[in-house]
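> Starting from these lines, generate the structure:
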Amino acid sequence: MSVRLPAAARREQLLAVALEVFAKQGFHATSMNDVADAAGVTKPVLYQHFSSKRELYLALLEEVGARLQHAIAKATSDADSPRDQVAKGFTAYFRWVSDDHAAFTLLFGSGARRDEEFAHAVRQVEESIADAIARLIQADIDLEHQRTLAQGLVGLAEGTSRYLVHVGEPFDPDVVARQVAELAWAGLRGVRRL
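Below is the predicted model of the structure:
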């Protein structure tokens with residue numbers, strides 16, 4: 001039997017355990033019993049915090065997305081120049097992928113996009129990150145052009161990460177970030193109003 005925790009701490013514990021279980025097994029293959037067993041709690045305890053598997057999964061998508069957004073925002077706010085923002089933003093992203101494969105897998109690789117409600121939650125995370133990046137693009141272009149470029153940068157990071165996670169080999173997030181940031185910066189330097 002598990003130790004009695006305050007509600008907020010128990011919820012955090014359940015989310016952490018559920019993240020690992022869902023990332024490993026996927027949404028459809030995971031039951032609430034699986035999560036409760038892995039957390040060392042009874043199913044009624046799990047249902048005190050999440051009324052359904054779907055609610056638990058959506059809470060996880062939101063939590064993981066918020067952590068990623070926070071990491072990128074914090075990193076880019078400390079930057080000294082636009083180029084430094086690019087480098088620090090990619091570094092934060094690839095460190096997140098390297099440090100938390102389960103979170104990346106849940107958000108971008110677990111089949112979440114096959115379910116419209118889950119796909120919407122993932123799109124919200126991507127759009128929020130892209131909106132934050134668009135504001136950082138310092139070029140003489142209109143807002144829609146900034147948003148389009150920001151979506152491209154999000155896709156660049158996600159696509160690279162999918163490849164790295166698929167290969168399954170350890171990678172140095174700082175090296176990968178430098179490589180991808182150089183590509184992105186080279187492109188951003190040439191951006192102009194069309």
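
> Point out where this structure drops to low pLDDT.
1-3, 110-112 (pLDDT under 70).

> Domain-wise, how is it divided?
1-51, 61-189 (automatic domain parsing).

> can you list those in CSV and add mean neighbour count?
Backbone N, C-alpha and C define where each C-beta goes, glycine included. Converted to CSV, these look like this (neighbours: other Cβ atoms under 10 Å):
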stretch, mean neighbour count
domain 1-51, 16
domain 61-189, 17
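
> any idea how far Leu153 is from Gly187?
9 Å (Cβ to Cβ, to the nearest Å).

> Please, which helix or strand holds Leu149?
Using DSSP states H and E, Leu149 sits within helix 143-167.

> Show the subsequent helix or strand relative to that helix.
Downstream of helix 143-167 (by DSSP H and E), the next one is helix 173-189.

> List the contacts of that following helix.
For helix 173-189, the surrounding residues in contact (Cβ atoms under 8 Å, 6 or more residues apart in numbering) are 82-83, 86-87, 89-91, 93-95, 97-99, 137, 139, 149, 153, 156-157, 160, 164.

> could you redo the last one with a cut-off of 6 Å?
Arg83, Val86, Ala87, Phe90, Thr91, Phe94, Arg95, Ser98, Leu153, Thr160 (Cβ atoms under 6 Å, 6 or more residues apart in numbering).

> Much appreciated, bye for now.
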